[in-house]
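A.B. asks: Give me a 3D structure for the following:
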Amino acid sequence: MNILEAIILGIVQGLTEFLPVSSSGHLTIFQHIMGVDMEGNLFFNVMLHVGTLVSVCVVYRKLILRLIKAFGKLLKDIFSGKFSWSKMNGDTNLLVMLVIGLLPLFLLFVPIPGAGGISGKDIAEIWQGNTGYFIITGFALLATSLMLWVGVKSMENTAKKYASRASEDAPGRRRLKTVDAVFIGIAQCFAAVFPGLSRSGSTLAMGELRGLNKQVALDYAFVLGIPSILAAALLESIDAIRAQGTQDTLQVSTAAMIAGMIAAMIVGFFAIMLFKWMLEKDRTGVFIVYTAVLGIVIIIVSVIELKSGVNLFSGEPLTFR
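C.D. replies: All right, here's what the predicted structure looks like:
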């Protein structure tokens, strides 16, 4: 992989990690077109995740500092016996809901009943590097489009409920409940399995469906993504260390890794700011159309490839490992 390819993939990762169009799906598409096998470039995957992790931490630095302070206060209250679930302030509530929202991710490591011991994480890894499963990305993109549409409709209904209230009272709840965190966490869990199913889109749509204020739902989805992205980077680091020295391990130059990481970091920062602005102005409908059209195109391409048995772009035989 050269520096230009690394920058392109870094831009794709940074742009699509936070916009509701699926970073995993777009990386799969670009890898498919460019003929780049990311399965053998695990450390490069880690660097891309680090880049996007930095960008979200920069945008939400003030909130992160508040959550760190809330964590210290929470521990103090617990050990002093002063903790009260019903009396948590906003930051403590958000911190606790973040922990609850992360719990469903452990389901990814639990064997699926009747699947021969295969877990959700195993299924996610099966799609990677297998060009024959490209059609899965198309259907997942259509699912993303549907979820975004449901989220928009839910916000419209929420706005109607708040229409009779004071104009300065933005529609939607600003305080999360346990059931909100659980459902949003489950949505994130599904997004981790299927390339093309947007994590930010699915978690935002679930938050809107639960009646949360749209900006609160988006902020929660992005902050929830910090430990999720970090966990993904750590898991890929472990896989990369295990893969070192094998014939399947592809080498990426240090310059290419750094270029890809910086591209992901810079583009990721502006992608977050863009999405927050578009959500505030109710202009997210473009993502509904985009993911639907792209999903249909991918499905058509995949059907043609499955009939011919070869990748239309690289000419290589399809793989089903």
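
A.B. asks: center of the protein, which residue is that?
C.D. replies: In the chain, the residue lying closest to the centroid (CA atoms, centre = their mean) is residue 199, at 3.1 Å.

A.B. asks: where does it land on pLDDT?
C.D. replies: With respect to pLDDT, residue 199 has a value of 90.

A.B. asks: Of all the residues in the longest helix along the chain, which ones are buried?
C.D. replies: The longest helix of the chain (DSSP state H) is helix 214-243. Residues of helix 214-243 classed as buried by neighbour count (16 or more other CB atoms under 10 Å): 214, 216-226, 228-229, 232-233, 235-237, 240, 243. In short, each C-beta sits where N, CA and C put it, glycine included.

A.B. asks: related to what we said a few turns ago, what separation do you get for the residue nearest to the centre of the chain and residue 147?
C.D. replies: To residue 147, residue 199 is 11 Å away according to CB to CB, to the nearest Å.

A.B. asks: With residue 258 instead?
C.D. replies: 35 Å.

A.B. asks: So for these two, which sits in the more crowded spot?
C.D. replies: When residue 258 and residue 147 are compared on other CB atoms under 10 Å, the one with more neighbours turns out to be residue 147, at 26 against 15.

A.B. asks: How about the secondary structure of the more buried one?
C.D. replies: helix (DSSP: H, G, I helix; E, B strand; the rest coil).

A.B. asks: Give me the spatial nearest neighbour of it, chain neighbours excluded.
C.D. replies: Spatially, and ignoring its direct neighbours in sequence, residue 147 is nearest to residue 205 (4.2 Å; CB to CB, 6 or more residues apart in numbering).

A.B. asks: List the buried residues of stretch 59-78.
C.D. replies: So for stretch 59-78, counting by 16+ other CB under 10 Å, buried means 59-60, 66-67, 70, 73-74.

A.B. asks: Stretch 289-304 too?
C.D. replies: Here stretch 289-304 shows 290-292, 294-295, 298-299, 301-302 as buried, counting by 16+ other CB under 10 Å.

A.B. asks: hey, C-alpha coordinates of it in PDB?
C.D. replies: The C-alpha coordinates for stretch 289-304 follow below in PDB (Å, rounded to 0.1, in the frame of the first residue of the first chain):
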ATOM      1  CA  VAL A 289     -31.100   8.900   0.000                       C
ATOM      2  CA  TYR A 290     -27.300   8.300  -0.200                       C
ATOM      3  CA  THR A 291     -27.200   5.100   1.700                       C
ATOM      4  CA  ALA A 292     -30.300   3.700  -0.100                       C
ATOM      5  CA  VAL A 293     -28.900   4.500  -3.600                       C
ATOM      6  CA  LEU A 294     -25.400   3.200  -2.700                       C
ATOM      7  CA  GLY A 295     -26.900   0.000  -1.200                       C
ATOM      8  CA  ILE A 296     -28.900  -0.700  -4.400                       C
ATOM      9  CA  VAL A 297     -25.800  -0.100  -6.600                       C
ATOM     10  CA  ILE A 298     -23.700  -2.500  -4.400                       C
ATOM     11  CA  ILE A 299     -26.400  -5.200  -4.600                       C
ATOM     12  CA  ILE A 300     -26.600  -4.900  -8.400                       C
ATOM     13  CA  VAL A 301     -22.800  -5.100  -8.700                       C
ATOM     14  CA  SER A 302     -22.600  -8.000  -6.300                       C
ATOM     15  CA  VAL A 303     -25.300 -10.000  -8.200                       C
ATOM     16  CA  ILE A 304     -23.300  -9.500 -11.400                       C
END
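
A.B. asks: Residues touching it, excluding its own?
C.D. replies: 20-22, 29, 134-135, 137-142, 144-145, 148, 196, 198, 201, 312 (CB atoms under 8 Å, 6 or more residues apart in numbering).

A.B. asks: That'll do, ta.
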